[in-house]
Each structure stands twice: as structure tokens, then as C-alpha cells.
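Visitor: Give me a model of this one.
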Amino acid sequence: MYIPMFDTYYLLLVVPAMLLALWAQSRVQSTYRQYSAVLSDSGLTARQAAERVLELNGVQDVRFERTGGQLTDHYDPRSNTIRLSGPVEGSRSVAAIGVACHEAGHAVQYARQYGPIRLRNGLLPVAQLGSSLAFPLILLGIFIDMGNLINFGLLLFGGVALFQLVTLPVEFDASRRAIAALEGSGMMSGDELYGAKKVLSAAAMTYVAALLTALAQLLRLVLLFGGRGRRND
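Guide: Numbering: from 1, shown residues only. Predicted coordinates for the structure are as follows:
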């Protein structure tokens with residue numbers, strides 16, 4: 001059976017979501033570049049500011065490592081490590097400090113056993129499985145005319161969308177914790193704090209776009225193949 005790659009649903013649902021994702025990524029890059037040129041009056045490097053956020057929240061024993069690339073900064077809960085890219089770690093820019101403190105916010109979430117991040121970790125294996133197996137299972141189900149297999153593939157892809165949905169509060173909360181620490185400690189105020197908020201807000205939009213893309217793709221798959229799954233049960 002022929003499976004269209006660029007059907008009407010794809011053009012109406014998925015393409016707009018992908019365009020939004022491209023715009024969000026472009027906005028992150030431009031906003032980061034803008035505030036990378038603005039140095040914080042605190043004199044702290046991004047790593048030092050992140051360490052201060054951890055200290056203010058009573059979080060200890062978090063390791064720091066340097067990682068390659070640009071905007072590849074992340075927190076690894078498996079080793080309790082914040083990995084900061086070279087351009088961020090030693091920078092005193094408003095952008096770099098905002099990014100590093102956001103990752104410190106994730107470390108605080110784990111230390112405080114923040115509910116949504118525990119839920120996201122539980123959904124991660126399902127999301128990984130859905131990303132790799134959903135489409136093959138749907139196509140196989142169509143090929144062998146097995147509705148339950150199609151439905152299982154749709155369910156797995158639903159797990160991907162659910163993971164993206166749960167990711168939103170996790171990312172927003174990490175930024176909220178970062179901004180609260182920066183403001184409450186006096187590390188940033190006024191225009192600097194506004195710049196850090198803009199950088200983190202732009203980054204958050206990429207997660208919103210990822211969720212909308214996953215939902216659009218899920219709706220497309222349900223509209224294309226959901227009926228076939230029901231007919232063949």
C-alpha cells in the first residue's frame with residue numbers, strides 16, 4: 001500500500017509546526033548572540049553563578065564538566081553533573097549566566113524530587129521507544145492488515161507527545177528557579193535580569209514548538225490510520 005509522505009494533513013498540520021520550530025530555534029540563536037555581548041556587572045562567570053544558585057538552594061556534590069559544541073549545555077542526573085559548553089562556562093555574559101543557572105535549576109529539581117521531572121524520567125523510555133518504533137509498527141500493521149499493531153504504534157507515538165508535554169513544566173520551572181536565584185541574590189537586576197529572562201524564554205519556545213510538532217504529527221497519524229486500526233480489530 002502506498003503511504004504518502006506529504007499528504008494534506010502533513011501540509012496543514014506538520015509543516016506549520018515545523019516552521020514554528022525553525023523560527024524558535026532561530027530566535028534562540030539571535031537572542032543568545034544579543035545577550036552574549038552584554039557582560040554582567042557581578043563579575044561572575046556562568047559556572048560561578050550556577051554554583052551560587054546551587055549553594056543558595058542547599059544543593060551539594062554537583063559536578064561540573066565542560067562539553068563540546070554550542071548551546072549543548074545540560075544537566076545529567078545519572079552522574080549529578082552539569083555540563084557547560086566552552087563558550088558558556090567561563091563567560092561573564094548575561095546569556096551564558098542565564099543558561100548555566102537554568103541547568104543548575106534542573107539540579108535543584110532533582111535534589112528536591114520535583115514531581116514533573118520524576119514523571120518525565122519515567123516517560124523517557126516510552127518516548128525513546130516511540131520515536132524509533134512507532135512508524136515501523138504502523139507501516140507493518142498496514143502491510144499485514146493488523147489493526148491492533150497500528151493502534152499500538154499510534155499509542156507509542158502518543159507517548160512521545162506526552163513526554164514533550166511533561167517536559168514543558170520541567171523547563172519552565174528550571175528557568176523560574178534560575179531567575180528567582182539571580183534576582184533574590186542580587187547577582188542580576190534591571191536590564192541584566194530582563195536579558196536573562198529573554199534568553200530563557202526564547203529557549204522555552206523550542207520546547208513549545210517540539211510539543212506542537214509532536215501533537216501535529218500524532219493527529220496526522222490518527223487521521224490517516226486510526227480508522228484502519230478500528231476497522232481491523
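Visitor: Quick check: the gap between the residue nearest to the spatial centre of the chain and F152.
Guide: Central residue of the chain (C-alpha atoms, centre = their mean): Y207, 4.7 Å from the mean position. Noted for Y207: a distance of 27 Å to F152, by C-beta to C-beta, to the nearest Å. (Each C-beta comes from the backbone N, C-alpha and C, glycine too.)
Visitor: Please settle this for me: is R78 part of a strand?
Guide: No: R78: not assigned to a strand; according to DSSP: H, G, I helix; E, B strand; the rest coil it is coil.
Visitor: And for it, the neighbour number?
Guide: 5 (other C-beta atoms under 10 Å).
Visitor: Next: L154.
Guide: L154, neighbours per other C-beta under 10 Å, totals 21.
Visitor: who's in contact with it?
Guide: Each residue near L154 by C-beta atoms under 8 Å, 6 or more residues apart in numbering is listed here: A134, I138, L218, L221, V222, F225, G226, G229.
Visitor: contacting residues for the residue nearest to the centre of the chain?
Guide: Contacts of Y207 by C-beta under 8 Å, 6+ apart are Q164, T167, L168, E171.
Visitor: Spatially, which two of the residues you listed are the most separated?
Guide: Q164 and E171 (10.5 Å; C-beta to C-beta).
Visitor: hmm, back to that, out of the contacts of Y207, which sit inside helices?
Guide: Counted as lying in helices by DSSP state H, out of these, are Q164, T167, L168, E171.
Visitor: got these as TSV, with distance to L13, pLDDT and neighbour count columns?
Guide: Output for these, formatted as TSV (distance: C-beta to C-beta, whole Å; pLDDT from 0 to 100; neighbours: other C-beta atoms under 10 Å):
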residue	distance to L13	pLDDT	neighbour count
Q164	15	96	22
T167	20	96	21
L168	20	96	16
E171	24	97	21
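Visitor: ok, those vs R47, which is closest?
Guide: Nearest member of the ones in helices among the contacts of Y207 to R47, counting by C-beta to C-beta, is E171, at 20.7 Å.
Visitor: I figured that closest one hits S201, correct?
Guide: No: between E171 and S201 there is no contact under C-beta atoms under 8 Å: 10.7 Å.
Visitor: neighbours of L140, just the number please.
Guide: 14.
Visitor: repeat for the one 5 residues further on
Guide: Residues within reach of D145, counting by other C-beta under 10 Å, total 12.
Visitor: What's the PyMOL line that selects buried ones from the contacts of L154?
Guide: Only the buried entries of the contacts of L154 go into this PyMOL selection, using 16 or more other C-beta atoms under 10 Å:
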select buried, resi 134+138+218+221+222+225+229
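Visitor: Restricted to strands, list the contacts of L154.
Guide: In strands, defined here by DSSP state E, there are no members of the contacts of L154.
Visitor: could you dump the contacts of L154 to TSV with pLDDT?
Guide: Listed next are these as TSV, based on pLDDT from 0 to 100:
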residue	pLDDT
A134	91
I138	89
L218	95
L221	91
V222	92
F225	84
G226	75
G229	56
